[in-house]
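Visitor: I'd like to go over a predicted model; first the sequence, then the structure.
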Amino acid sequence: MKNIDLSLYLVTDNSENEEKFLKTIEEAILGGVTVVQIREKTAETLDFYNLAVKVKEITTKYDVPLIINDRVDVALAIDADGVHVGQSDMPCDVTRRLIGEDKILGVSAATIEEAKKAENDGADYIGTGAVFPTKTKKDAESVTKKDLSDIAKSINIPVVAIGGITIENAGELKDTGIAGLSVVSAIMSADDPKKASKKLLNIFNS
């Protein structure tokens, strides 16, 4: 199992203002974000590639792993640290074969069965949610805190909670056995991404 610090896992939302987007990511890393995942659901391939190259410059500078959501081709093209796939994306075992053993592979799983299959198929960690209502992923299944805890107990790879996590509710996930918090809006939409990241990390580590 790879040694990845998943404590504060930032998932980006769409990058309409590129300069602000890149600055937010850098500020978030300075505030304590330990992993960055680029999620660009609507971007054309070239736009996604160009953006990913710029984000990778930042993550490499601070030695933070960069994960690409869904797009194995983009991940390989920029030599990202890994890929994250959902249940309707490229199958986990096929993704592992494509990216090789050294890259990080994350899989979204909402049930124990999905999590166990992902572990067997070569995943390094699981993303589970939505643990709270979320505006960024309207089709996300909801997962209770008990479900989250049960999934974490059922597998030997780390679990990250995602979905509607904010500074106000992050503390509710204590004692669920998770390895980290995965956030989107709580950092990407924050007036001060660095401060927001610091607060979230403190809540998780306390």
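Guide: Looks like it arrived, so ask away.
Visitor: contacts and neighbour counts: CA atoms only from here.
Guide: Will do.
Visitor: Just say helix, strand or coil for Gly106.
Guide: strand (DSSP: H, G, I helix; E, B strand; the rest coil).
Visitor: List the residues that contact the residue nearest to it when sequence neighbours are not counted.
Guide: In space, and not counting its chain neighbours, Gly106 is closest to His84: 4.4 Å by Cα to Cα, 6 or more residues apart in numbering. When contacts are counted by Cα atoms under 8 Å, 6 or more residues apart in numbering, His84 is found next to 37, 67-70, 105-108.
Visitor: rerun that using 6 Å as the cut-off
Guide: Contacts for His84 (Cα atoms under 6 Å, 6 or more residues apart in numbering) come out as 69-70, 105-107.
Visitor: Next secondary structure element downstream of whichever strand or helix holds it?
Guide: Assigned by DSSP states H and E, His84 falls within strand 82-85. As assigned by DSSP H and E, the chain's next helix or strand after strand 82-85 is helix 92-99.
Visitor: just checking, what packs against that next one?
Guide: The helices and strands touching helix 92-99, judged by 3 or more Cα pairs under 6 Å, 6 or more residues apart in numbering; DSSP states H and E, number zero.
Visitor: That one vs strand 104-108, what angle?
Guide: 160 degrees (axes from the mean of the first three to the mean of the last three Cα atoms, to 10 degrees).
Visitor: which outside residues touch helix 92-99?
Guide: Asp121.
Visitor: just checking, Gln37 is part of a strand?
Guide: Yes - counting by three-state DSSP, Gln37 is found in a strand.
Visitor: Below-threshold pLDDT in the chain: ranges please.
Guide: 1, 136-140 (pLDDT under 70).
Visitor: Strands along that one, start to end?
Guide: 8-11, 35-38, 66-69, 82-85, 104-108, 125-128, 159-162, 180-183 (DSSP state E).
Visitor: Of all those strands, which one is nearest Lys194?
Guide: strand 8-11 (11.9 Å; Cα to Cα).
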